[in-house]
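Requesting a structural model of the entry that follows:
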Amino acid sequence: MEAEALKFFIACVTAAGFGIAIAAFGCGIGQGMGLKSAVEGIARNPESSGKVTVTLLIGLAMIESLCIYALVISLILIYAHPQAAAIAGLFAH
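Now for the predicted structure:
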């Protein structure tokens, strides 16, 4: 039972690591594309910089929230699973 619990824990940690890495990569690409488009829009029409900046900041916050959701799911995978007591027992020895 303990070996199975340890394998499950390793799988959860691996999945959490890959999940947060993919989420951070995707959010970084999305934020970069959004910033690029906002700068291009301001360069073409400098009078609209106020509206573009506000919209950009709201959009970046929404994109960043996706990465935070992935972090929450990763933490749930690591710390809140049914075999947590068995794994804690393994590390207590």
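
use CA for all of it now, contacts and neighbours both
Noted.

For the helix or strand where Thr14 lies, name the packing helices and strands.
Assigned by DSSP states H and E, Thr14 belongs to helix 2-44. Packing contacts for helix 2-44, counted by 3 or more Cα pairs under 8 Å, 6 or more residues apart in numbering; DSSP states H and E, involve helix 49-79, helix 84-92.

Could I get these in TSV, plus columns for mean pLDDT and mean neighbour count?
Below are these laid out as TSV (pLDDT from 0 to 100; neighbours: other Cα atoms under 10 Å):
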stretch	mean pLDDT	mean neighbour count
helix 49-79	92	15
helix 84-92	73	12
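
now those in TSV, with distance to Ala21?
Formatted as TSV, these follow (distance: least, Cα to Cα, whole Å):
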stretch	distance to Ala21
helix 49-79	9
helix 84-92	24
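
what about those helices, which gets the closest to Leu6?
Across the helices and strands packed on helix 2-44, Leu6 has its closest neighbour in helix 84-92 (6.3 Å, Cα to Cα).

which residues touch that closest one?
Contact with helix 84-92 is made by 2, 5-6, 9, as judged by Cα atoms under 8 Å, 6 or more residues apart in numbering.

which among those residues end up buried?
5-6, 9 (16 or more other Cα atoms under 10 Å).

residue contacts, the most centrally placed residue in the chain?
With distances taken as Cα atoms, centre = their mean, the chain has Cys67 as the residue nearest its mean C-alpha position (2.7 Å). Contacts for Cys67 (Cα under 8 Å, 6+ apart) come out as 20, 23-24, 27.

what two of the residues you listed have the greatest distance between them?
Farthest pair in the contacts of Cys67, by Cα to Cα: Ile20 and Cys27, 10.3 Å.

one step back: could you check the angle the helix holding Thr14 makes with helix 84-92?
Here helix 2-44 points in a direction 100 degrees away from that of helix 84-92 (axes from the mean of the first three to the mean of the last three Cα atoms, to 10 degrees).

What is the distance between helix 2-44 and the centre of its chain?
5 Å (Cα atoms, centre = their mean, to the nearest Å).

Let me see the mean pLDDT of that helix.
Mean pLDDT, computed over helix 2-44, is 91.
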